[in-house]
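Peer 1: got a structure for you, letters missing:
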């Protein structure tokens, strides 16, 4: 098996491919090293925005970047 299109982080987990535009919630959870329940909580509280594609929730790469930047701003203060 190969990890084509995926990068292995220091934690040994695979991060989503950088060219992907939308991510499943379990991929978002793995990226931030949090539970899927926490991702749902972030969505419920409005901290993270998702897009519904038919019946599936997806988070855009742009939204992940925006959320990551907001986390960095919080830690800088």
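Peer 2: Received, thanks. Owing to the predicted nature of the structure, the values given are computational and were not obtained by experimental measurement.
Peer 1: now do residue 44 against residue 68, distance only.
Peer 2: From residue 44 across to residue 68, the span is 19 Å (C-beta to C-beta, to the nearest Å). All C-beta atoms are positioned from the backbone trio N, CA, C, and that covers glycine.
Peer 1: of those two, who's got more company?
Peer 2: residue 68 (12 against 9; other C-beta atoms under 10 Å).
Peer 1: what are the phi and psi values at the more buried one?
Peer 2: Taking degrees, to the nearest 10, you get phi -60, psi -40 for the backbone angles of residue 68.
Peer 1: going forward, count from 48.
Peer 2: Fine by me, first position is 48 from now on; the one you just mentioned is residue 115.
Peer 1: how far away is it from residue 102?
Peer 2: In terms of C-beta to C-beta, residue 115 sits 27 Å off from residue 102.
Peer 1: so what touches the strand ranked longest in the chain?
Peer 2: Identified as the longest strand of the chain according to DSSP state E is strand 103-107. For strand 103-107, contacts defined as C-beta atoms under 8 Å, 6 or more residues apart in numbering pick out 68, 69, 70, 71, 72, 75, 90, 95, 96, 97, 98, 99.
Peer 1: could you count how many residues lie near the fourth one?
Peer 2: With neighbours defined by other C-beta under 10 Å, the count for residue 71 comes to 16.
Peer 1: need the contact list for it.
Peer 2: Residue 71 neighbours (C-beta under 8 Å, 6+ apart): 103, 105.
Peer 1: repeat the analysis, applying 10 Å as the threshold.
Peer 2: Taking C-beta atoms under 10 Å, 6 or more residues apart in numbering, we find residue 71 in contact with 63, 77, 83, 86, 103, 104, 105, 106.
Peer 1: then the fifth one?
Peer 2: When contacts are counted by C-beta under 10 Å, 6+ apart, residue 72 is found next to 83, 84, 86, 87, 89, 90, 95, 97, 103, 104, 105, 106.
Peer 1: can you pull the pLDDT of the last one?
Peer 2: Spelled out, it's residue 106. Looking at residue 106, its pLDDT stands at 98.
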